[in-house]
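Visitor: Sharing a model that was predicted from the sequence below.
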Amino acid sequence: MTPAQRPLSPHLQIYRWQLTSVMSILHRATGIALTVGSVFLVWWLVAAASGGRAFAQAQWFFGSWLGLLMLLGWCFCFFYHLCNGIRHLAWDAGYGFELTTTYRSGYVVVAASTVLTMVAFVAGVLVRG
Amino acid sequence: MSDMRLRSPLGRALGLGSAKEGVGHWWAQRVSAIALVPLGVWFAASLISLAGADRAQFVIWLREPLPAILMILTLGAVFYHGALGVQVVVEDYAPSESTKLAGIVVTKLLALALAIAGIFAVLKIAFGA
């Protein structure tokens, strides 16, 4: 007897979108993006250790429009995963489970990560000159 | 109460539950997350201060003991935390047991290799590349 092809949990398509679930999905997505980004961090470090030409190539890539776009993306992913990670640690410690608190902390994380991304990116551009 | 009598003394001592694993992964993810809060903030601030730096400036910066040590700690924590996170994603979405096992093995080996490559690059610069 072949088992019936039933849909598997968590069965995302039947749920109404809401801040809490979107933020949960975004936490995982930003985590994966940051892991991919850490491969580029190793490239950058190994290029610096290899010599001037390899480092210039890496710097050229990160200075290109694609590189800058990726850096901006990782910048947001970093601050979002950091802020929401602290929110998760608070939950792990047993705080902030009430529905209103969960929504309030969610909006704080979205606002904080957006502002921090803009501040960090503008600061980087200013330092770069 | 009946649970306590039905479980073998060994099973109770191991405390691993039906999933055959304890809280080790959960704890490791939290501990590395806590470590990455200060390390991540330091790393982001460092990248901003290094924006537009040429190789000579970057090498001078990374030769100082504190940046070198913090960069190595960051690399270790990033790839440890990243591997734990990707492992959960693989466990959640792998269509079969064999792909799950292969995915986890590849994830852990890649994370170890990348962490060692990054740490080697930092040490090479720190000790004078």
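Guide: It's in. Numbering: from 1, shown residues only, chains lettered A, B, ... in the order given.
Visitor: what does the helix or strand of chain A with the lowest mean pLDDT contact?
Guide: The least trusted helix or strand in chain A, going by mean pLDDT, DSSP states H and E, turns out to be helix A:52-63, with a mean of 93. Applying Cβ atoms under 8 Å, 6 or more residues apart in numbering or on different chains, the contact partners of helix A:52-63 are A:43-44, A:46-48, A:67-68, A:70-71, B:54-55, B:58. Any C-beta I mention is one placed from the backbone N, CA and C, and that applies to glycine too.
Visitor: Can you tell me which residues in chain A are near chain B?
Guide: Residues of chain A that fall close to chain B, judged by Cβ under 8 Å from any Cβ of the partner chain: A:28, A:31-32, A:34-35, A:38-39, A:41-42, A:45-46, A:48-49, A:51-52, A:55-56, A:59, A:75, A:78-79, A:82, A:85-86, A:88-89, A:92, A:120, A:123-125, A:127-129.
Visitor: okay, which residue is most central for chain A?
Guide: Nearest to the geometric centre of chain A sits A:C77, at 2.0 Å (Cα atoms, centre = their mean).
Visitor: For it, give me its contacts.
Guide: Contacts of A:C77 (Cβ under 8 Å, 6+ apart): A:30, A:33-34, A:37.
Visitor: for A:F121, same thing?
Guide: A:71-72, A:75.
Visitor: Low-confidence ranges, the chain, go.
Guide: The chain I'm using is chain A. For chain A, applying pLDDT under 70 flags the ranges A:1, A:10-11.
Visitor: my bad, chain B
Guide: Using pLDDT under 70, chain B drops low at B:1-5, B:18-20, B:129.
Visitor: for chain A, what are the nearby residues on it?
Guide: Applying Cβ under 8 Å from any Cβ, we find that chain B lies next to chain A at B:30, B:33-34, B:36-37, B:40-41, B:44, B:47-52, B:54-55, B:58-59, B:62, B:71, B:75, B:78-79, B:82, B:85-86, B:89, B:114, B:117-118, B:120-122, B:124-125, B:129.
Visitor: And the helices in chain B?
Guide: In chain B, the segments counted as helices under DSSP state H are B:2-6, B:9-14, B:24-49, B:55-63, B:65-93, B:97-126.
Visitor: Does anything pack onto the fourth one? Which helices or strands?
Guide: For helix B:55-63, the elements it packs on are helix A:19-50, helix A:52-63, helix B:65-93, helix B:97-126, judged by 3 or more Cβ pairs under 8 Å, 6 or more residues apart in numbering or on different chains; DSSP states H and E.
Visitor: For A:S113, find the nearest of these.
Guide: Among the helices and strands packed on helix B:55-63, the nearest to A:S113 by Cβ to Cβ is helix A:19-50 (9.1 Å).
Visitor: The closest one packs against which elements?
Guide: On a contact count with 3+ Cβ pairs under 8 Å, 6+ apart, helix A:19-50 meets helix A:52-63, helix A:65-92, helix A:99-128, helix B:55-63, helix B:65-93, helix B:97-126.
Visitor: Tell me how far it lies from the chain's centre.
Guide: 7 Å (Cα atoms, centre = their mean, to the nearest Å).
Visitor: Give the buried subset of the residues of chain A next to chain B as a PyMOL selection command.
Guide: Here is the PyMOL selection string for the buried members of the residues of chain A next to chain B, based on 16 or more other Cβ atoms under 10 Å in any protein chain shown:
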select buried, chain A and resi 31+34+35+38+41+42+45+46+48+49+55+59+75+78+79+82+85+88+120+124
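Visitor: which ones are touching the most centrally placed residue in chain B?
Guide: Centroid-nearest residue in chain B: B:Y80, 1.0 Å away (criterion: Cα atoms, centre = their mean). Shown in contact with B:Y80 (Cβ under 8 Å, 6+ apart): B:28, B:32, B:111, B:115.
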